[in-house]
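**Student:** Curious how this folds, go ahead:
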Amino acid sequence: MGQDKALLPWDGHTFLSVTIDRLMPYSQMVMVVGGANSEKLKPTIYSRGAYLVVNRQPERGQFSSLRLGLQEVLNRGRDAAIVALVDRPPASAAAIEKLIDVFKSQSEVAEAQAKWAVVPEHAGRHGHPIVISREMIECLLKADATSNAREVEHANQHRIQYLPVEDANVVANVNTPEEYAQLKQHAAKS
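**Tutor:** Predicted coordinates for the structure are as follows:
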């Protein structure tokens, strides 16, 4: 993209700031994992009351950042997390609410059948944000460092609920200026 995707303009703000704002009403705290871009992200993160976790080895990849963030979730005494990608357009509040409602309903299910994660699905594709329990967090933290989240997800697929949602942003990905332009054009029509 030629610039930090988390700071791309979106809905009058940036992907990062809108994502933080969307998650705040549903979370006790919002933590953002940054790497080499941490200094650039700090003003947005701190102005919105979120926390920054710095990945000092971002070259180890996205999975290392995920694991750092999840370890911090546990360190702060939490048993669940909403995992969102900040370099993409944020999910709608309706999609987030639906994911959380389904996740909370798992507390009423027998432990053997309970799901450890709720993953949004749109047009047959799985996306973000995902809502995960302590059990899934621990699976991700115990996985080999050379692994990735998708491998852990597939190994525990029987513990994941895929939830159809109307929000196409849950599967949107932006890797080129052309994709970003198309995304903005689609959002303007909505």
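
**Student:** helix or strand for the nearest residue to residue 90 once chain neighbours are set aside, which one?
**Tutor:** Counting by CB to CB, 6 or more residues apart in numbering, the nearest residue to residue 90 once its immediate chain neighbours are dropped is residue 19, at 4.1 Å. Where you see a C-beta, it was placed from the backbone N, CA and C, and this is true even at glycine. Using DSSP states H and E, residue 19 falls within helix 15-23.

**Student:** what distance separates that helix from the centre of its chain?
**Tutor:** Relative to the mean C-alpha coordinate of its chain, helix 15-23 is positioned 11 Å out (CA atoms, centre = their mean, to the nearest Å).

**Student:** Alpha carbons of it, as CSV, please.
**Tutor:** Listed in CSV are the C-alpha atoms of helix 15-23, where the atom choice follows Å, rounded to 0.1, in the frame of the first residue of the first chain:
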residue,chain,number,x,y,z
PHE,A,15,-9.3,1.9,10.1
LEU,A,16,-7.6,1.8,13.5
SER,A,17,-9.6,4.6,15.2
VAL,A,18,-13.0,3.3,14.0
THR,A,19,-12.1,-0.2,15.0
ILE,A,20,-11.2,0.9,18.5
ASP,A,21,-14.4,3.0,18.8
ARG,A,22,-16.5,0.1,17.6
LEU,A,23,-15.0,-2.4,20.1
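
**Student:** hmm, back to that, the residue nearest to residue 90 and residue 83 touch, don't they?
**Tutor:** No. Using CB atoms under 8 Å, residue 19 is not in contact with residue 83; the gap is 11.2 Å.

**Student:** For residue 2, what are phi and psi?
**Tutor:** Listed backbone geometry of residue 2 is phi 80, psi 0, with angles given as degrees, to the nearest 10.
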